[in-house]
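Colleague: coords below, sequence missing:
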């Protein structure tokens, strides 16, 4: 992965798991990792791949929704969200005068 310049991290820095269950649908009091700082300090970053299925029917907390919520806290909105024929959801946002494309692939690695 290093040769391909791929980095992996979790967007959640810490959270509480309710009901003592390890399932991600039981996350509460989510605190995000400082992805903004990582993106801002790594000028070569052009894509962010989000891999996660929707966590709960009662909460909007797919990886894309959580990431979008996080970006909004910095005044950034994902634009041009659309679903590809492959099922991937894509969009873009601008940071440091560059387009960064978040790609949400559900729970399949593509």
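Modeller: Arrived safely, thanks for sending. For clarity, every value in this text was computed on a predicted model and none was experimentally measured. Numbering: from 1, shown residues only.

Colleague: got the contact list for the residue lying closest to residue 13 once chain neighbours are set aside?
Modeller: Nearest non-adjacent residue to residue 13, counting by CB to CB, 6 or more residues apart in numbering: residue 33, 4.3 Å away. For glycine as for every other residue, the C-beta is placed from the backbone atoms N, C-alpha and C. If you count contacts by CB atoms under 8 Å, 6 or more residues apart in numbering, residue 33 has them with 9-13.

Colleague: centroid-nearest residue for the chain?
Modeller: residue 67 (4.0 Å; CA atoms, centre = their mean).

Colleague: so after the helix ranked longest in the chain, what's the next helix or strand?
Modeller: For the chain, the helix that runs over the most residues, judged by DSSP state H, is helix 63-72. The first helix or strand that comes after helix 63-72 along the chain, using DSSP states H and E, is strand 79-83.

Colleague: immediately after that following strand, which helix or strand?
Modeller: Counting by DSSP H and E, the next helix or strand C-terminal to strand 79-83 is strand 89-95.

Colleague: which one of the contacts of residue 33 is nearest residue 46?
Modeller: Of all these, residue 9 has the smallest distance to residue 46: 16.2 Å, by CB to CB.

Colleague: how near is the residue nearest to residue 13 to residue 95?
Modeller: Residue 33 sits 16 Å away from residue 95, going by CB to CB, to the nearest Å.

Colleague: again with residue 38
Modeller: Taking CB to CB, one finds residue 38 at 11 Å from residue 95.

Colleague: tilt between the longest helix of the chain and strand 79-83?
Modeller: 180 degrees (axes from the mean of the first three to the mean of the last three CA atoms, to 10 degrees).
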